[in-house]
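*Asks:* quick one, fold the following:
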Amino acid sequence: MGGSVYTSDLEHGKRVASRLDTGMVFINYPFISAPDLPFGGIKLSGYGKELSSLGIQEFVNKKLVCVAPSASLVTK
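*Replies:* Here you go, the predicted model:
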């Protein structure tokens with residue numbers, strides 16, 4: 001689900017973090033969770049996110065509704 005990278009070179013840590021195949025990566029910290037941070041993994045460790053605005057999207061079915069004006073309402 002997540003991983004940690006420990007390094008004194010933060011730019012190198014960011015490059016390593018971008019290459020890890022995890023849902024979360026923490027640099028120089030073992031783990032943190034807060035309501036405003038998305039929580040979740042990828043693959044078999046859990047697909048999708050909980051918490052934050054990303055988490056609520058897991059419970060929403062979005063739908064596009066497009067309404068064309070009625071012919072009688074269109075002015076010529």
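*Asks:* quick one: end-to-end distance for stretch 16-23.
*Replies:* 14 Å (C-alpha to C-alpha, to the nearest Å).
*Asks:* what residues of it count as buried?
*Replies:* Ala17, Gly23 (16 or more other C-beta atoms under 10 Å). Yep, even glycine has a C-beta here, placed from its N, CA and C like the rest.
*Asks:* for the longest helix along the chain, packing partners?
*Replies:* Using DSSP state H, we find that the single longest helix of the chain is helix 10-19. Applying 3 or more C-beta pairs under 8 Å, 6 or more residues apart in numbering; DSSP states H and E, one finds that helix 10-19 contacts strand 2-5, strand 24-27.
*Asks:* any chance of a markdown table for those strands, columns mean pLDDT?
*Replies:* Listed next are these as a markdown table, based on pLDDT from 0 to 100:
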| stretch | mean pLDDT |
| --- | --- |
| strand 2-5 | 84 |
| strand 24-27 | 86 |
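*Asks:* of these, which approaches Glu11 most closely?
*Replies:* When the helices and strands packed on helix 10-19 are compared by C-beta to C-beta, strand 24-27 sits nearest Glu11, at 10.4 Å.
*Asks:* list the strands paired with that closest one, with their directions.
*Replies:* Taking DSSP bridges as the criterion, strand 24-27 pairs within the sheet with strand 2-5 (parallel).
*Asks:* hang on, the earlier thing: got JSON lines for the helices and strands packed on helix 10-19, with mean neighbour count and distance to Ala17 too?
*Replies:* Below are these laid out as JSON lines (neighbours: other C-beta atoms under 10 Å; distance: least, C-beta to C-beta, whole Å):
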{"stretch": "strand 2-5", "mean neighbour count": "16", "distance to Ala17": "5"}
{"stretch": "strand 24-27", "mean neighbour count": "17", "distance to Ala17": "4"}
